[in-house]
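Novice: Make a model of this:
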Amino acid sequence: MQSRPPTAIADSPARAQAEIIRLAYDDLPVALVAIVVVSTGLAWVVARNHAPAHAWVWLACMLAMVAGRYFLVRRFRQTRHETGQVQVNERRFVIGAVLGGVGWGYAGWAFYPLMSGEHELSLLVLVLAGMTAGATRSLGPLPKACWSFQLLALLPLILRLLLAGGVVQTLIGVFVVLYLALLMPLVRSYHQNLSKSLRLGFEYAGLVTELSEENATRKKAETGLRAAMERAEEASRAKSTFLATMSHEIRTPMNGVLGMLDLLKTTGLTPAQREQVETASTSAESLLRMLNDILDFSKIEHGRLDFENVPFRAARVSEETVRLMRPMAVAKSLQLHFAADAAAMTRVMGDPMRLRQVLLNLIGNAIKFSEHGEITLQLSGKLLESPPRLELTVAVRDQGIGIAPDVQDRLFAPFMQGDSSMSRRYGGSGLGLAISQKLVQRMGGNITAESRPGQGSRFAFTVTFPLSKERNTAVPFPTDAAAARNLSGRVLVVEDDPVNQRVAALMLQRLGLQHHVVADGPSALSIIESSEWDLVLMDLQLPGIDGMETTRRARLLLGDRSLPIIALTANARAEERAACLMAGMDDFLAKPLRTEALQTCLARWLDAAR
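Specialist: Presented below is the predicted three-dimensional model:
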């Protein structure tokens, strides 16, 4: 049997390395936008409360570093096809990452004495942890660059924390060390998967070329081609696995941060402390939204964004979204209204979560870019026949700053935010509208924008949903009064992460529930068999036996006994939810966990269990 093309095989490592460098430079502008946004926010906090001159000088250095790295991106695009530039471009990229790590490391070292308060220290740790987590994606193609950045960014803060001598500081320092130790293997895994995928891709291309040139060996070449395709699919699955892992690894620590902040809000805080906690919580939510946007955008680019097809009412989803966003509008003295006609109340089939995601983006932008006036979400429906379906038109109107005509044509491009002054003033990654447009296009519609500077904007789209054949078969959603009443029962928490154990335990304690925590599947099965429980919160990512297998075995042990088992996981994907139900779970809670969501879920299932 003839071997595969030797030239393609021999050249694939070098070509893969060149492609890795290209990917690293192509992803760098996104990271630079995040650096500008986050460093500006951190400098503003330090300047506002402590040392303005120090903060602004540091910010100027960071912006100069960003400008230099952007210059390297432009330079790379001009010279990447020149002979002998691969190592030069790689070296420049690593140097840029080192400079970035030095900048963030200096912030950790220099701002620590200024931000020694509990909440400010939490914000500083959150910022540095978030930037190093994001670096796993943007710098991960070149491990030397990523590791250098992560070490230089976190080690100064770790030294500060460990040298401080306090119990809390030492504990946080140890957590940061463990966090760093977790990130570094992820970088190696990402690089290996990416390199393997690219090498297989180039080998595949070589096989196709060889096939066209040698018709006499077509059958043998086809055999090799099928093998290469299988390996390419394996590499594609590795990408999907990495994306899921990244989602889990980002959401897991964020669950601890947001959960603890959520609990802290309910304690007896002074007005100043409450403001600081709200600031930290808002910053954490913003970081999580930005990371989610980046992950969603990556899924969209690779055609891996999943849609559900379940019965729902668009009007109800919209009303819940408005209720969720109304506090943000009230905080800016804005009026947020909702209106829907009778047809919009019709039960349809589709993905309510993706519709909610679009509405959150559109309403969030309207609030962000409005200083006064009203914001209105309006739904109008038209029932069609053959086949029965609902044509739904959604419109969001505001009286905000409006959009310049020259910007409107580029409004739905990724990372588009008008101009640099807009980004500095209002923040954001510039991905929200791009993602919303892709989601609406997947639903069969297209978002249009009408705007005049100084007079406001109107974003609208029309999508069509098939009518649902089900009639009121869903589990009733508990009212606020039902969810707010005192709960009772015994809840078993199966969670291996100590921070998430603590968050879940504190939330259950605050809700007045008896609870017990175990860290693995065998322990959970043993205690389920020997004791009576009213409900189980089951993490999916468990050591040894995972959460789904633990649930399957628990159902065998329980026999006909009813025990609600709720999945608790950081992988908030549609296929994950379907797999949970197939494994015997009853419901799904996504991390970061919120007290309100947990309370609502427990109220529903504890009542059902009785």
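Novice: So, low pLDDT: which residues of the stretch 251-400 of the chain?
Specialist: 251-252, 255, 282-283, 285-305 (pLDDT under 70).
Novice: Apologies, that question was intended for the stretch 501-610 of the chain.
Specialist: The low-confidence ranges in the stretch 501-610 of the chain, as defined by pLDDT under 70, are 570-575, 608-610.
Novice: Now stretch 76-94 - C-alpha only, CSV.
Specialist: Presented in CSV, the C-alpha positions along stretch 76-94 are these (Å, rounded to 0.1, in the frame of the first residue of the first chain):
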residue,chain,number,x,y,z
PHE,A,76,2.3,40.4,11.3
ARG,A,77,-0.4,40.8,8.7
GLN,A,78,2.0,42.6,6.4
THR,A,79,4.9,40.2,6.8
ARG,A,80,3.5,36.7,7.6
HIS,A,81,4.0,35.4,4.1
GLU,A,82,7.7,36.4,4.1
THR,A,83,10.3,33.6,4.4
GLY,A,84,11.8,33.1,7.8
GLN,A,85,9.2,35.2,9.7
VAL,A,86,7.6,32.4,11.7
GLN,A,87,10.1,32.4,14.6
VAL,A,88,10.4,36.2,14.5
ASN,A,89,6.6,36.6,14.8
GLU,A,90,6.4,34.0,17.6
ARG,A,91,9.2,35.7,19.5
ARG,A,92,7.4,39.1,19.2
PHE,A,93,4.1,37.5,20.3
VAL,A,94,5.8,36.1,23.5
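Novice: Show residues contacting it.
Specialist: Here stretch 76-94 makes contact (CB atoms under 8 Å, 6 or more residues apart in numbering) with 14, 17-18, 21-22, 24-25, 28, 72, 75, 142, 144-145, 148. Where C-beta positions appear, they are placed from N, C-alpha and C, glycine not excepted.
Novice: go with 7 Å
Specialist: Here stretch 76-94 makes contact (CB atoms under 7 Å, 6 or more residues apart in numbering) with 17-18, 21-22, 24-25, 72, 142, 144-145, 148.
Novice: Check the offset of it from the chain's centre.
Specialist: 32 Å (CA atoms, centre = their mean, to the nearest Å).
Novice: helix or strand for Y106, which one?
Specialist: Y106 is part of helix 86-111 when elements are defined by DSSP states H and E.
Novice: contacts for the helix or strand just after that helix?
Specialist: Sequence-wise, the next helix or strand downstream of helix 86-111 (DSSP H and E) is helix 118-138. Contacts to helix 118-138, defined as CB under 7 Å, 6+ apart, come from residues 27-28, 30-31, 34, 38, 42, 45, 104, 108, 111-112, 115, 146, 149-150, 153-154, 157, 172, 176, 179, 183, 186-187, 190, 246, 250, 253, 257, 273, 276-277, 280, 283-284, 287, 291, 294.
Novice: Spell out for me the ChimeraX command that would select the buried members of those.
Specialist: The following ChimeraX line selects those of the contacts of helix 118-138 that are buried, judged by 16 or more other CB atoms under 10 Å:
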select :27,28,30,31,34,38,42,45,104,108,111,112,115,146,149,150,153,154,157,172,176,179,183,186,187,190,246,250,253,257,276,277,280,283,284,287,291,294
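Novice: now, which of the contacts of helix 118-138 lie within helices?
Specialist: Of the contacts of helix 118-138, the ones assigned to helices by DSSP state H are 27-28, 30-31, 34, 38, 42, 45, 104, 108, 111, 146, 149-150, 153-154, 157, 172, 176, 179, 183, 186-187, 190, 246, 250, 253, 257, 273, 276-277, 280, 283-284, 287, 291, 294.
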